[in-house]
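> Sequence and predicted structure below; questions after.
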Amino acid sequence: MIIQQFYDKGLAHASYAVIRTGKMIVIDPARDPQPYYDFANQHDADITGVIETHPHADFVSSHLEIHKTTGAVIYVSKLAGAEYPHETFDDGDELMLNDIKLKAINTPGHSPDSICILIADEDGKDKALFTGDTLFVGDVGRPDLRENAGNVTAKKEELARQMYHSTRNKLMKLPHNVVVYPAHGPGSLCGKNISPDLQSTIGRELRENYALQLMNELAFIETLTRDQPFVPKYFGHDVDLNKKGAPGFKESIDAVLRIDKNSALDKKIPVIDTRLKQDFRNGHIKGSINLQDGEKFETWLGSIINPDEQFYLIADNETDLDLVINKTAKIGYEQNIKAALLIPAKAGETSPELDLNNFNKHPQNYTIIDVRNRNETANGLIFNHAINIPLPELRERISEIPTHKPLVVHCAAGYRSAVAASIIAAKIDAVPVYDLGEVIVEIANAAFVNS
């Protein structure tokens, strides 16, 4: 038996291939199916099945495309209400991959329709557990993403209660040496305390996972529903898209309209400029948003742009443009791209540079905007007089920002503040808008030492 993990660091997403004597099953595949085809060819295997542990919120799956291309059967819980061709896979259902057995375990908690897949080897011994978003290394899946999305909805408290019973009555009773293969790693917004490790064992999780420690049901519900990270705007959209099945990856990105860099743009449509922030500051289209290409580009794109909102996408060269289009497709936003283009020669709007010496001496002369999330500011602000507006809410809350003093924007490390400063500058021109950038790290460290 071969188990191969495919890991997308940008989305902190892990998918899997299981091969046994020439047959292969894919679990929770990413939007681009080509890596799974390549792996199957490398091992002279046929893809015979695709298993979805639930309709994913944070990425678009290629399950339907793989089915159409290879004829592989899609397996998913009957509770998912899948609108694509499939076979249901729930408690008591088993799937043979030659002489190894894949068994479905219904584990509601992260979603009402979540399943885990337990693999028994050729000797009938339980060896591996694919946990989807139910059990992570060091954490369990958040319970608050299905209150308004999917075939079955449920309040977060009810899903947390179900998670308590799924873990206690099912997963925690498995042999301690069973290897745990989750669908997400550190940085995923599907959990709040995910370990850097990408696999574990049931025994280790019993010892180290806070959510599996001894506590009663009410304490568990309170613990799990507290301090969860923000929910990006695109999450509900992706649940519904995965329930239907997404169009093919390549055909979708090939359909993105590309226009000449000097074409006239509709001023009512947001422009996402993916270049490095210094290049953006030196010259950009007036009103554009500086969302730099990076590891979390997809997440932040889907956090500031609504699922039904069109936008232009700009890069510095064709290679970079191809890359950000592909990343956009990972969350199903490629169809939102009004057009893609290179940076125009006439992009002459510049961003002001902050006089750090003056700011450090007279911070009271500036209005400071802290765009960190609430769980980051729970223990206090770095600047006592700052206004906290989390980045995902900023476009909707611009009117709350006073304009009688220059504005200085900061986050935790400098990436989000570049996005936020450009969003604010696009709407406020009465005063300068400055990005504090990476300097915030030094300021925060100094504040910590002196506290």
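Everything's here; your move.
> Only C-alpha atoms from now on, for both contacts and neighbour counts.
OK.
> Residue 314 belongs to a helix?
No - Residue 314: not assigned to a helix; according to DSSP: H, G, I helix; E, B strand; the rest coil it is strand.
> ok, residue 133 touching residue 109?
No - assessed by C-alpha atoms under 8 Å, residue 133 is found out of contact with residue 109, at 9.0 Å.
> which residues do these two both contact?
Common contacts of residue 133 and residue 109, defined by C-alpha atoms under 8 Å, 6 or more residues apart in numbering, comprise residue 141.
> where does the stretch 251-400 of the chain have low pLDDT?
Within the stretch 251-400 of the chain, no stretch has pLDDT under 70.
> Show me where it has its helices.
277-282, 297-304, 318-330, 356-361, 374-377 (DSSP state H, counting those that start in this stretch).
> quick check, distance from the first one to the centre of its chain.
Between the centre of helix 277-282 and the centre of its chain there are 26 Å (C-alpha atoms, centre = their mean, to the nearest Å).
> In it, which of the residues would be classed as buried?
Within helix 277-282, the residues that count as buried by 16 or more other C-alpha atoms under 10 Å are 277, 280-281.
> Closest to residue 381 out of those residues?
residue 277 (24.8 Å; C-alpha to C-alpha).
> so where do the strands sit in the stretch 101-250 of the chain?
All strands of the stretch 101-250 of the chain, identified by DSSP state E, counting those that start in this stretch, fall at 115-120, 126-132, 135-136, 139-140, 179-182, 200-201.
> Looking at these, spot the one closest to residue 397.
strand 139-140 (32.2 Å).
> Listing partners with orientation, what would you give for that closest one?
Here strand 139-140 is paired, per DSSP bridges, with strand 135-136 (antiparallel).
> now the strand it pairs with, how far from the chain's geometric center?
16 Å.
> Give me the contact list for it.
Contacts of strand 135-136 (C-alpha under 8 Å, 6+ apart): 141, 181-185, 191, 194-195.
> domains for this structure, by residue range?
With domains defined by automatic domain parsing, the chain comprises 2-238, 247-342, 356-450.
> what residues are up against the residue of the chain positioned farthest from its centre?
Using C-alpha atoms, centre = their mean, the residue of the chain lying farthest from its centre is residue 361. It sits 39.2 Å away. Under the criterion of C-alpha under 8 Å, 6+ apart, residue 361 has no neighbours.
> ok, it to residue 46 distance?
Separation of residue 361 from residue 46 (C-alpha to C-alpha, to the nearest Å): 67 Å.
> ditto for residue 86
18 Å.
> before we move on, what about residue 140?
33 Å.
> Who has more neighbours out of those two?
More neighbours surround residue 140 than the other of residue 140 and residue 46, with 29 against 18 (other C-alpha atoms under 10 Å).
> Please verify my assumption that that one contacts residue 191.
Yes - using C-alpha under 8 Å, residue 140 is in contact with residue 191, at 6.4 Å.
> one step back: nearest to residue 350 among the domains of the chain would be which one?
Of the domains of the chain, nearest to residue 350 by C-alpha to C-alpha is domain 247-342, at 4.9 Å.
> re earlier: out of the strands of the stretch 101-250 of the chain, which is closest to residue 412?
Closest among the strands of the stretch 101-250 of the chain, using C-alpha to C-alpha: strand 139-140, at 23.5 Å.
> now the closest one, how far from the chain's geometric center?
16 Å.
> Quick one: mean pLDDT for that strand?
The average pLDDT within strand 139-140 is 98.
> what does it rub up against?
Counting by C-alpha under 8 Å, 6+ apart, 110, 133-134, 191-195, 209-211 sit against strand 139-140.
> ok, how many other residues are close to residue 355?
10.
> thought residue 83 was touching residue 245?
Yes - under the criterion of C-alpha under 8 Å, residue 83 makes contact with residue 245 at 7.3 Å.
> So which of the two has more stuff around it?
Between residue 83 and residue 245, residue 245 has the larger neighbour count (other C-alpha under 10 Å), namely 21 against 12.
> The more buried one and residue 372, how far apart?
34 Å.
> returning to that earlier point: want to throw the domains of the chain into CSV with distance to residue 350?
Output for the domains of the chain, formatted as CSV (distance: least, C-alpha to C-alpha, whole Å):
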stretch, distance to residue 350
domain 2-238, 29
domain 247-342, 5
domain 356-450, 11
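> for those, which one sits closest to residue 349?
domain 247-342 (5.1 Å).
> Just the terminal-to-terminal distance for the closest one.
Start-to-end, domain 247-342 (C-alpha to C-alpha) is 26 Å.
> Would you pull up how far it lies from the middle of the chain?
17 Å.
> swap in stretch 87-104?
That offset, for stretch 87-104, works out to 29 Å (C-alpha atoms, centre = their mean).
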